[in-house]
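> Could you work out the structure for the sequence below:
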Amino acid sequence: MVGSSIVRKLKAEGHDNIVVKTSDELDLMQQDQVEKFFQLEKPEYVFLAAAKVGGIQANNIYRGEFLYNNLMIQNNVIHQSYVAGVKKLLFLGSSCIYPKMAPQPLKEEYLLTDALEPTNEPYAIAKIAGIKMCEAYRDQYGCNFISAMPTNLYGPGDNYDLKNSHVLPALIRKFHEAKLNRQESVEIWGSGTPKREFLYVDDLAEACYFLMQHYNEKIFVNIGSGEDLSIKDLALLVKSIVGFQGELKFDTSKPDGTPRKLMDVSKMKNIGWSATTGLEEGIRKVYQEYISANRVK
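Here you go, the predicted structure:
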(Lines give C-alpha, C1' and ligand atoms only; values in the text may rest on other atoms or scores of the structure.)
Protein backbone atom coordinates (compact mmCIF):
# COMPACT_ATOMS: atom_id res chain seq x y z
CA MET A 1 0.00 0.00 0.00
CA VAL A 2 2.67 2.53 1.05
CA GLY A 3 5.19 1.63 -1.63
CA SER A 4 2.70 1.88 -4.48
CA SER A 5 1.48 5.24 -3.16
CA ILE A 6 5.05 6.59 -3.05
CA VAL A 7 5.61 5.39 -6.63
CA ARG A 8 2.43 7.19 -7.75
CA LYS A 9 3.67 10.38 -6.09
CA LEU A 10 7.12 10.13 -7.69
CA LYS A 11 5.61 9.59 -11.14
CA ALA A 12 3.22 12.50 -10.62
CA GLU A 13 6.24 14.70 -9.86
CA GLY A 14 7.88 13.69 -13.13
CA HIS A 15 10.36 11.07 -11.87
CA ASP A 16 10.72 8.19 -14.31
CA ASN A 17 13.92 6.46 -13.15
CA ILE A 18 12.18 4.48 -10.40
CA VAL A 19 13.47 1.03 -9.45
CA VAL A 20 10.90 -1.31 -7.94
CA LYS A 21 10.74 -5.07 -7.47
CA THR A 22 7.98 -7.36 -6.29
CA SER A 23 8.64 -9.68 -3.35
CA ASP A 24 8.73 -12.57 -5.84
CA GLU A 25 11.52 -10.85 -7.77
CA LEU A 26 13.52 -9.71 -4.75
CA ASP A 27 13.35 -11.27 -1.28
CA LEU A 28 14.53 -8.50 1.03
CA MET A 29 15.15 -11.02 3.81
CA GLN A 30 17.91 -12.63 1.76
CA GLN A 31 21.20 -10.78 2.23
CA ASP A 32 22.77 -12.01 -1.01
CA GLN A 33 19.76 -10.95 -3.10
CA VAL A 34 19.70 -7.47 -1.58
CA GLU A 35 23.46 -7.07 -2.06
CA LYS A 36 23.20 -8.03 -5.76
CA PHE A 37 20.25 -5.69 -6.24
CA PHE A 38 22.14 -2.68 -4.88
CA GLN A 39 25.29 -3.54 -6.83
CA LEU A 40 23.32 -3.79 -10.06
CA GLU A 41 20.82 -0.93 -9.72
CA LYS A 42 22.90 1.57 -7.68
CA PRO A 43 19.91 3.59 -6.42
CA GLU A 44 20.58 7.14 -5.23
CA TYR A 45 17.52 7.51 -2.99
CA VAL A 46 15.75 4.77 -1.03
CA PHE A 47 12.24 4.83 0.46
CA LEU A 48 12.20 1.85 2.84
CA ALA A 49 8.49 1.04 3.14
CA ALA A 50 8.77 -2.76 2.98
CA ALA A 51 7.60 -4.56 6.12
CA LYS A 52 5.53 -7.44 7.47
CA VAL A 53 2.47 -5.72 8.96
CA GLY A 54 -0.93 -6.58 10.41
CA GLY A 55 -3.49 -5.80 13.09
CA ILE A 56 -3.69 -6.88 16.75
CA GLN A 57 -4.50 -10.52 15.96
CA ALA A 58 -1.70 -11.00 13.43
CA ASN A 59 0.83 -9.19 15.61
CA ASN A 60 -0.05 -11.34 18.59
CA ILE A 61 -0.07 -14.70 16.75
CA TYR A 62 2.94 -14.31 14.44
CA ARG A 63 5.23 -12.72 17.01
CA GLY A 64 8.40 -14.47 15.83
CA GLU A 65 7.72 -13.71 12.17
CA PHE A 66 6.99 -10.05 12.83
CA LEU A 67 10.28 -9.64 14.69
CA TYR A 68 12.51 -11.75 12.42
CA ASN A 69 11.10 -10.68 9.05
CA ASN A 70 11.16 -6.97 9.80
CA LEU A 71 14.65 -7.07 11.30
CA MET A 72 15.99 -8.93 8.28
CA ILE A 73 14.32 -6.65 5.73
CA GLN A 74 15.51 -3.40 7.27
CA ASN A 75 18.98 -4.64 8.23
CA ASN A 76 19.68 -5.77 4.67
CA VAL A 77 18.33 -2.64 2.98
CA ILE A 78 19.89 -0.13 5.38
CA HIS A 79 23.30 -1.82 5.33
CA GLN A 80 23.42 -2.23 1.57
CA SER A 81 22.34 1.40 1.16
CA TYR A 82 25.45 2.33 3.11
CA VAL A 83 27.68 -0.05 1.14
CA ALA A 84 26.35 1.22 -2.20
CA GLY A 85 26.77 4.88 -1.25
CA VAL A 86 23.08 5.80 -1.38
CA LYS A 87 22.69 9.58 -1.10
CA LYS A 88 19.66 9.43 1.18
CA LEU A 89 17.41 6.81 2.77
CA LEU A 90 14.03 7.25 4.43
CA PHE A 91 13.05 4.50 6.88
CA LEU A 92 9.36 4.20 7.75
CA GLY A 93 8.41 2.91 11.18
CA SER A 94 5.14 2.92 13.09
CA SER A 95 3.36 4.71 15.93
CA CYS A 96 3.50 1.45 17.93
CA ILE A 97 7.15 2.25 18.81
CA TYR A 98 5.88 4.41 21.66
CA PRO A 99 5.26 3.16 25.22
CA LYS A 100 1.75 1.84 25.87
CA MET A 101 1.02 4.46 28.53
CA ALA A 102 2.99 7.37 27.06
CA PRO A 103 1.50 10.86 27.50
CA GLN A 104 -0.75 12.06 24.68
CA PRO A 105 -0.16 13.33 22.07
CA LEU A 106 2.95 11.26 21.36
CA LYS A 107 6.10 13.36 21.05
CA GLU A 108 9.25 12.01 19.38
CA GLU A 109 11.18 12.27 22.64
CA TYR A 110 8.87 9.73 24.36
CA LEU A 111 10.62 6.83 22.59
CA LEU A 112 12.05 4.24 25.04
CA THR A 113 10.68 5.97 28.13
CA ASP A 114 8.44 3.07 29.30
CA ALA A 115 7.09 -0.40 28.46
CA LEU A 116 5.57 -1.20 25.05
CA GLU A 117 2.09 -2.56 24.30
CA PRO A 118 2.52 -6.36 24.69
CA THR A 119 0.35 -7.40 21.72
CA ASN A 120 2.61 -5.75 19.13
CA GLU A 121 5.90 -5.61 21.07
CA PRO A 122 7.93 -7.71 18.56
CA TYR A 123 6.95 -5.46 15.64
CA ALA A 124 7.62 -2.32 17.70
CA ILE A 125 11.06 -3.59 18.74
CA ALA A 126 11.95 -4.26 15.11
CA LYS A 127 10.93 -0.73 14.12
CA ILE A 128 12.84 0.80 17.03
CA ALA A 129 15.89 -1.17 15.88
CA GLY A 130 15.45 0.35 12.41
CA ILE A 131 15.40 3.87 13.82
CA LYS A 132 18.51 3.20 15.88
CA MET A 133 20.29 1.58 12.93
CA CYS A 134 19.72 4.68 10.81
CA GLU A 135 20.99 6.85 13.66
CA ALA A 136 24.03 4.61 14.20
CA TYR A 137 24.98 4.57 10.51
CA ARG A 138 24.65 8.34 10.48
CA ASP A 139 26.92 8.59 13.54
CA GLN A 140 29.57 6.10 12.39
CA TYR A 141 29.54 6.46 8.61
CA GLY A 142 28.00 9.89 7.97
CA CYS A 143 25.01 8.43 6.08
CA ASN A 144 22.08 10.74 5.45
CA PHE A 145 19.57 8.18 6.70
CA ILE A 146 16.35 9.61 8.16
CA SER A 147 13.31 8.01 9.82
CA ALA A 148 9.62 8.83 9.95
CA MET A 149 6.87 7.27 12.05
CA PRO A 150 3.45 7.21 10.36
CA THR A 151 0.24 6.78 12.30
CA ASN A 152 -2.38 4.16 11.28
CA LEU A 153 -2.66 4.16 7.49
CA TYR A 154 -5.44 3.32 5.05
CA GLY A 155 -6.00 3.74 1.34
CA PRO A 156 -5.65 2.07 -2.08
CA GLY A 157 -3.98 -1.34 -1.93
CA ASP A 158 -4.93 -2.01 1.69
CA ASN A 159 -5.29 -5.51 3.14
CA TYR A 160 -8.91 -6.61 3.72
CA ASP A 161 -8.16 -10.10 5.06
CA LEU A 162 -10.10 -10.28 8.33
CA LYS A 163 -7.45 -12.50 9.93
CA ASN A 164 -4.57 -10.04 9.67
CA SER A 165 -5.85 -6.66 8.48
CA HIS A 166 -5.88 -3.40 10.42
CA VAL A 167 -9.04 -2.06 12.01
CA LEU A 168 -10.26 0.31 9.28
CA PRO A 169 -10.16 -2.06 6.28
CA ALA A 170 -11.58 -4.81 8.50
CA LEU A 171 -14.54 -2.59 9.40
CA ILE A 172 -15.16 -1.67 5.76
CA ARG A 173 -15.28 -5.31 4.75
CA LYS A 174 -17.37 -6.38 7.75
CA PHE A 175 -20.01 -3.69 7.24
CA HIS A 176 -20.13 -4.17 3.47
CA GLU A 177 -20.61 -7.94 3.72
CA ALA A 178 -23.14 -7.48 6.52
CA LYS A 179 -25.12 -5.10 4.30
CA LEU A 180 -25.07 -7.56 1.40
CA ASN A 181 -26.09 -10.46 3.66
CA ARG A 182 -28.69 -8.37 5.50
CA GLN A 183 -27.20 -9.22 8.88
CA GLU A 184 -28.76 -7.80 12.00
CA SER A 185 -25.44 -6.91 13.64
CA VAL A 186 -21.68 -6.61 13.20
CA GLU A 187 -19.19 -7.71 15.83
CA ILE A 188 -16.39 -5.30 16.76
CA TRP A 189 -13.31 -6.42 18.67
CA GLY A 190 -12.80 -4.92 22.13
CA SER A 191 -14.75 -2.30 24.05
CA GLY A 192 -14.75 0.39 21.35
CA THR A 193 -13.20 2.92 23.73
CA PRO A 194 -9.55 3.02 22.51
CA LYS A 195 -8.81 6.06 20.37
CA ARG A 196 -6.90 5.91 17.10
CA GLU A 197 -5.58 8.34 14.52
CA PHE A 198 -5.72 7.62 10.78
CA LEU A 199 -3.87 8.97 7.77
CA TYR A 200 -4.76 8.50 4.10
CA VAL A 201 -1.81 6.78 2.45
CA ASP A 202 -1.47 9.33 -0.36
CA ASP A 203 -0.96 11.99 2.31
CA LEU A 204 1.86 9.85 3.70
CA ALA A 205 3.42 9.65 0.23
CA GLU A 206 3.30 13.45 0.02
CA ALA A 207 5.02 13.65 3.40
CA CYS A 208 7.72 11.16 2.38
CA TYR A 209 8.47 13.09 -0.80
CA PHE A 210 8.62 16.31 1.23
CA LEU A 211 11.01 14.78 3.78
CA MET A 212 13.30 13.39 1.11
CA GLN A 213 13.67 16.91 -0.23
CA HIS A 214 13.73 18.99 2.94
CA TYR A 215 14.63 16.97 6.06
CA ASN A 216 18.13 15.84 7.01
CA GLU A 217 18.09 15.46 10.80
CA LYS A 218 19.07 12.51 12.99
CA ILE A 219 15.91 12.51 15.11
CA PHE A 220 12.93 10.77 13.54
CA VAL A 221 9.69 12.65 12.86
CA ASN A 222 6.02 11.76 13.37
CA ILE A 223 3.62 11.76 10.41
CA GLY A 224 -0.09 11.92 11.14
CA SER A 225 -3.29 13.92 10.91
CA GLY A 226 -3.09 15.19 14.48
CA GLU A 227 -6.70 14.09 15.17
CA ASP A 228 -8.13 10.87 16.60
CA LEU A 229 -11.44 9.22 17.43
CA SER A 230 -12.68 6.18 19.35
CA ILE A 231 -13.00 2.80 17.65
CA LYS A 232 -16.75 3.01 18.35
CA ASP A 233 -17.02 6.37 16.57
CA LEU A 234 -14.91 5.02 13.71
CA ALA A 235 -17.25 2.04 13.40
CA LEU A 236 -20.29 4.34 13.36
CA LEU A 237 -18.67 6.45 10.63
CA VAL A 238 -17.87 3.42 8.48
CA LYS A 239 -21.35 2.01 9.11
CA SER A 240 -22.88 5.27 7.86
CA ILE A 241 -20.67 5.47 4.75
CA VAL A 242 -21.31 1.82 3.83
CA GLY A 243 -25.04 2.12 4.54
CA PHE A 244 -25.38 -0.78 6.99
CA GLN A 245 -28.61 -0.59 8.98
CA GLY A 246 -27.93 -3.11 11.76
CA GLU A 247 -26.43 -2.90 15.25
CA LEU A 248 -22.89 -2.89 16.62
CA LYS A 249 -21.87 -5.58 19.10
CA PHE A 250 -18.60 -5.17 20.97
CA ASP A 251 -16.73 -8.33 21.99
CA THR A 252 -15.01 -7.23 25.20
CA SER A 253 -13.25 -10.60 25.52
CA LYS A 254 -10.96 -9.46 22.68
CA PRO A 255 -7.98 -7.16 23.40
CA ASP A 256 -8.24 -3.39 23.03
CA GLY A 257 -4.53 -2.76 22.54
CA THR A 258 -3.06 0.61 23.52
CA PRO A 259 -5.72 2.94 25.02
CA ARG A 260 -4.77 5.87 22.80
CA LYS A 261 -2.22 6.62 20.08
CA LEU A 262 -2.36 10.22 18.92
CA MET A 263 0.74 11.62 17.24
CA ASP A 264 2.16 15.03 18.05
CA VAL A 265 2.69 16.32 14.50
CA SER A 266 3.95 19.79 15.43
CA LYS A 267 7.46 18.95 14.19
CA MET A 268 6.17 18.18 10.68
CA LYS A 269 4.00 21.29 10.68
CA ASN A 270 6.98 23.40 11.73
CA ILE A 271 9.04 22.19 8.79
CA GLY A 272 6.20 22.85 6.38
CA TRP A 273 3.91 19.84 5.89
CA SER A 274 0.39 18.94 7.06
CA ALA A 275 -2.14 16.28 6.04
CA THR A 276 -4.96 17.41 3.75
CA THR A 277 -7.36 14.44 3.42
CA GLY A 278 -10.14 14.36 6.02
CA LEU A 279 -11.10 10.98 7.51
CA GLU A 280 -14.65 10.86 6.11
CA GLU A 281 -13.41 11.95 2.67
CA GLY A 282 -10.68 9.31 2.76
CA ILE A 283 -12.97 6.49 3.86
CA ARG A 284 -15.47 7.34 1.11
CA LYS A 285 -12.66 7.11 -1.46
CA VAL A 286 -11.48 3.80 -0.05
CA TYR A 287 -14.96 2.31 0.06
CA GLN A 288 -15.57 3.14 -3.59
CA GLU A 289 -12.22 1.54 -4.48
CA TYR A 290 -13.13 -1.53 -2.40
CA ILE A 291 -16.43 -1.90 -4.23
CA SER A 292 -14.72 -1.51 -7.62
CA ALA A 293 -11.98 -4.00 -6.75
CA ASN A 294 -14.52 -6.60 -5.70
CA ARG A 295 -16.80 -5.84 -8.66
CA VAL A 296 -19.85 -5.42 -6.51
CA LYS A 297 -22.44 -2.66 -6.30
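> Report the contact partners of the nearest residue to Arg284 once chain neighbours are set aside.
On the basis of CB to CB, 6 or more residues apart in numbering, the spatially nearest residue to Arg284 that is not a chain neighbour turns out to be Ile241, at 5.7 Å. Every C-beta, even on glycine, is put in place using the N, C-alpha and C of the backbone. Remark: with contacts taken as CB atoms under 8 Å, 6 or more residues apart in numbering, Ile241 is in contact with 280, 283-284, 287.
> most surrounded residue in these?
With neighbours set by other CB atoms under 10 Å, the maximum within the contacts of Ile241 is found at Ile283, which has 24 neighbours.
> helix or strand for it, which one?
In the assignment (DSSP states H and E), Ile283 maps to helix 279-293.
> rewinding a little: doesn't the residue nearest to Arg284 fall inside a strand?
No - counting by DSSP: H, G, I helix; E, B strand; the rest coil, Ile241 is not part of a strand but helix.
> Could you point out which residue ranges in this structure have low pLDDT?
Screening the chain residue by residue with the criterion pLDDT under 70, one finds the ranges 56, 164, 295-297.
> most centrally placed residue in it?
Leu153 (5.0 Å; CA atoms, centre = their mean).
> pretty sure that one contacts Asp202?
No - Leu153 is beyond contact range of Asp202, at 10.0 Å (criterion: CB atoms under 8 Å).
> Now tabulate the contacts of Ile241 in TSV and tack on distance to Glu206.
Below are the contacts of Ile241 laid out as TSV (distance: CB to CB, whole Å):
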residue	distance to Glu206
Glu280	19
Ile283	18
Arg284	19
Tyr287	22
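> Other residues contacting the strand or helix carrying Met212?
Taking DSSP H and E as the criterion, the element that holds Met212 is helix 201-214. Under the contact criterion CB under 8 Å, 6+ apart, helix 201-214 has outside partners 1-2, 5-6, 8-10, 13, 45, 47, 88, 90, 92, 146, 148, 150, 153-158, 221, 223, 225, 268, 271-273, 275-277.
> which of those residues are buried?
1-2, 5-6, 9-10, 45, 47, 88, 90, 92, 146, 148, 150, 153-156, 158, 221, 223, 225, 268, 273, 275, 277 (16 or more other CB atoms under 10 Å).
> Stretch 266-286 spans what distance, first to last residue?
Using CA to CA, to the nearest Å, the end-to-end distance of stretch 266-286 comes out at 27 Å.
> quick one: contacts of stretch 169-178?
Contact with stretch 169-178 is made by 55, 154, 158-160, 162, 165, 183, 185-188, 234-235, 238-239, 242, 244, 246, 283, 286-287, 290-291, 296, as judged by CB under 8 Å, 6+ apart.
> gap between that stretch and the chain center?
Chain-centre distance of stretch 169-178: 20 Å, with CA atoms, centre = their mean, to the nearest Å.
> Ile125 against Leu116, yeah?
Yes - checked against CB under 8 Å, the pair Ile125 and Leu116 is within contact range at 7.3 Å.
> which of the two has more neighbours?
Summary of the neighbour comparison: Ile125 and Leu116, criterion other CB under 10 Å, with Leu116 having more neighbours (21 against 17).
> any idea how far Ser94 is from the more buried one?
Shown here: Leu116 relative to Ser94, a distance of 11 Å by CB to CB, to the nearest Å.
> Overlap in contacts, these two.
Residues within reach of Leu116 and of Ser94 at once, by CB under 8 Å, 6+ apart, are Ala124.
> Against Lys127, how distant is Gln74?
Distance, Gln74 to Lys127, using CB to CB: 8 Å.
> ok, which stretches of the stretch 51-200 of the chain are helices?
Along the stretch 51-200 of the chain, counting by DSSP state H, counting those that start in this stretch, helices occupy 56-61, 63-83, 121-141, 167-181.
> so which of these comes closest to Lys254?
With CB to CB, the closest approach to Lys254 among those belongs to helix 56-61: 8.0 Å.
> List the buried residues for the closest one?
56-60.
> with those residues in mind, which one is nearest to Gln33?
Using CB to CB, Ala58 is the member of the buried residues of helix 56-61 that lies nearest Gln33, at 25.0 Å.
> That closest one contacts Asn159, doesn't it?
No - here Ala58 does not reach Asn159: they are 9.4 Å apart, not a contact under CB under 8 Å.
> Kind regards, and thank you for your time.
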